[in-house]
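Undergrad: Generate coordinates for the sequence data below:
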Amino acid sequence: MDHSATRATGTGPTAAHESRGQLHVVLVLSASTGGIGAHVRSLAQGLVAHGVGVTVCAPAGTDSLFGFSRTGARFHLVDITPTAGARSDATAIGELRRAFTGADVVHAHGLRAGLLSDLALRTAGRFPGLRPQTPLVVTFHHAMLATGVERRLQRLMERRVARAADLVLGASSDLVARARELGATDARLGPVAAPPMPPGDLGREASRARLLGGGPDRPVVLAIGRLVPQKSFGLLLDAAGQLGERDPLVVIAGEGAEGTELRERIAAERLPVELLGYRTDVPDLLAAADLVVVSSRWEARSLVVQEAMRAGVPVVATSVGGIPELVGEAAVLVPYGDPAALATAVRGLLADPDRRAALAAAGRVQAETWPDEAATVAQVLSTYDELVQREGA
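TA: The predicted structure follows:
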């Protein structure tokens, strides 16, 4: 559908929508260095290409990393902090109110963004041009994994956001089921497609030589992700100590709060593991890898898994969240929390080049079944149209 043309009178668009002749969508997210930021950038770029007016609300650092401003979208600085604070939240809500003026749809990504967006809309009646009935879409990207008091608080926020949203999109089927359990009036699957990777600068041999530092050739096991509890890199270190005689090198690309703890453990236990820090050369790392390992406690539609399988790199992953439905039969899955099973799966694949080749081929075939960025944008855009028309009915 071409959203550059004015909608016919009587379908219920806002006055601002009629005067501009285009749908205006506001995308909201908190600080992100990973999949959520990449997904929102992809949405912003795709929606702009469809003639939609897009505003992205996010912290300055997130815009610097993902370049929302370079997609053709308008960027509105809103510092949504990871945790609640009376002063910071009040400031963020005020900025969101300004950004939401004239919006036809607000689409928040994550619980904090969803909660503050709902609060901004609920107080909209006192602000000219800001309508409380503006449809609110919230994408659930993550399961709640906290414990104790923090877990109870997150559950309350999760329920509040699920019930406040006109539509909840879950990045995996378990998140959709959770939203329905919490009382969401409308919850649907909203897959998150991994953006296409640019080609690498180096071939396999050059990538391996750089990664191995000129030392003897050895198998390379690659993991990528933020160094945070959800990714369970401690579990991967447990498995690394059991990989045995083939002497593989395990490399982890990413940075995060657990970096110091992981480094100290690698040194103390003399594990065959290197922490590479934050890297922008993921295509070259994948070219060098014999297989990719995902040791996470939970994932939705892991972008790392998608990137690896598209590149023809075999995957060993924990059987959690949305990973089984994502990979089908094209990856080796192991129970979460079992380092012996993880080590056995890695050892078995490293010792079996024919199986690695078969999984590489199966991964590329499986990847063809996933919705790409264009399909994802089209699906989201159709939900916006539905909500705007529903509002005007």
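Undergrad: Could I get the full set of strands for the stretch 101-250 of the chain?
TA: For the stretch 101-250 of the chain, the strands defined by DSSP state E, counting those that start in this stretch occupy 105-109, 136-140, 167-170, 187-189, 220-224, 249-253.
Undergrad: need the contact list for residue 340.
TA: 239, 242 (Cβ atoms under 8 Å, 6 or more residues apart in numbering). All C-beta atoms are positioned from the backbone trio N, CA, C, and that covers glycine.
Undergrad: That one: helix or strand, and which one exactly?
TA: Assigned by DSSP states H and E, residue 340 falls within helix 339-350.
Undergrad: With mean neighbour count, mean pLDDT and distance to residue 41 added, can I get the strands of the stretch 101-250 of the chain in a markdown table?
TA: Below are those laid out as a markdown table (neighbours: other Cβ atoms under 10 Å; pLDDT from 0 to 100; distance: least, Cβ to Cβ, whole Å):
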| stretch | mean neighbour count | mean pLDDT | distance to residue 41 |
| --- | --- | --- | --- |
| strand 105-109 | 27 | 97 | 11 |
| strand 136-140 | 27 | 95 | 14 |
| strand 167-170 | 25 | 95 | 17 |
| strand 187-189 | 18 | 94 | 21 |
| strand 220-224 | 23 | 97 | 18 |
| strand 249-253 | 22 | 97 | 20 |
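Undergrad: which one of those lies closest to residue 370?
TA: strand 187-189 (12.3 Å; Cβ to Cβ).
Undergrad: so where is the stretch 1-150 of the chain shaky, pLDDT-wise?
TA: Applying pLDDT under 70 to the stretch 1-150 of the chain picks out residues 1-21, 33, 124-132, 145-147.
Undergrad: rerun at 80
TA: Where the stretch 1-150 of the chain drops to pLDDT under 80, the residues are 1-21, 32-34, 83-84, 123-132, 143-150.
Undergrad: The stretch 251-393 of the chain too?
TA: The stretch 251-393 of the chain contains residues with pLDDT under 80 at 391-393.
Undergrad: all helices for the stretch 51-200 of the chain, in order.
TA: 60-66, 86-100, 111-122, 148-164, 173-181 (DSSP state H, counting those that start in this stretch).
Undergrad: what residues does the longest one touch?
TA: Residues outside helix 148-164 that contact it (Cβ under 8 Å, 6+ apart): 111-112, 114-115, 118, 136, 138, 140, 144, 146, 168, 178-179, 182-185, 187.
Undergrad: follow-up on the earlier one: which of the strands of the stretch 101-250 of the chain sits closest to residue 201?
TA: By Cβ to Cβ (comparing all of these), the closest turns out to be strand 249-253, at 15.6 Å.
Undergrad: The next helix or strand along the chain from the closest one relative to strand 249-253, how many degrees between them?
TA: Where DSSP H and E defines the elements, the next helix or strand beyond strand 249-253 is helix 259-269. Using axes from the mean of the first three to the mean of the last three Cα atoms, to 10 degrees, the inter-axis angle of helix 259-269 relative to strand 249-253 is 170 degrees.
Undergrad: buried stuff in the helix or strand following helix 259-269?
TA: Toward the C-terminus, helix 259-269 is succeeded by strand 273-277 as the next helix or strand (DSSP H and E). The neighbour-count check on strand 273-277 (16 or more other Cβ atoms under 10 Å) flags 273-276 as buried.
Undergrad: Now do the same contact list for the nearest residue to residue 63 once chain neighbours are set aside.
TA: Spatial nearest neighbour of residue 63, chain neighbours left out: residue 75 (5.3 Å); criterion: Cβ to Cβ, 6 or more residues apart in numbering. Neighbour list for residue 75: 55-56, 58, 63, 68-69 [criterion: Cβ under 8 Å, 6+ apart].
Undergrad: Tabulate the strands of the stretch 101-250 of the chain (JSON lines), appending distance to residue 283.
TA: Compiled in JSON lines, the strands of the stretch 101-250 of the chain are given as follows (distance: least, Cβ to Cβ, whole Å):
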{"stretch": "strand 105-109", "distance to residue 283": "26"}
{"stretch": "strand 136-140", "distance to residue 283": "27"}
{"stretch": "strand 167-170", "distance to residue 283": "29"}
{"stretch": "strand 187-189", "distance to residue 283": "29"}
{"stretch": "strand 220-224", "distance to residue 283": "12"}
{"stretch": "strand 249-253", "distance to residue 283": "12"}
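Undergrad: Out of the buried residues of strand 273-277, which comes closest to residue 195?
TA: Set against residue 195, the nearest of the buried residues of strand 273-277 by Cβ to Cβ is residue 276 (21.1 Å).
Undergrad: before we move on, back to that, of the contacts of helix 148-164, grab the buried ones for ChimeraX.
TA: Remark: buried members of those, expressed as a ChimeraX selection using 16+ other Cβ under 10 Å:
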select :111,112,114,115,118,136,138,140,168,178,179,182,184,187
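Undergrad: From residue 59, how far off is the residue nearest to residue 63?
TA: For residue 75, the distance to residue 59 (Cβ to Cβ, to the nearest Å) stands at 11 Å.
Undergrad: follow-up on the earlier one: Serialize the helices of the stretch 51-200 of the chain to CSV and add fields for distance to residue 249.
TA: Output for the helices of the stretch 51-200 of the chain, formatted as CSV (distance: least, Cβ to Cβ, whole Å):
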stretch, distance to residue 249
helix 60-66, 28
helix 86-100, 43
helix 111-122, 38
helix 148-164, 36
helix 173-181, 34
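Undergrad: How far away from the center of its chain is the helix or strand harbouring residue 28?
TA: Using DSSP H and E, residue 28 maps to strand 24-29. Centroid separation between strand 24-29 and its chain, computed with Cα atoms, centre = their mean, to the nearest Å, is 16 Å.
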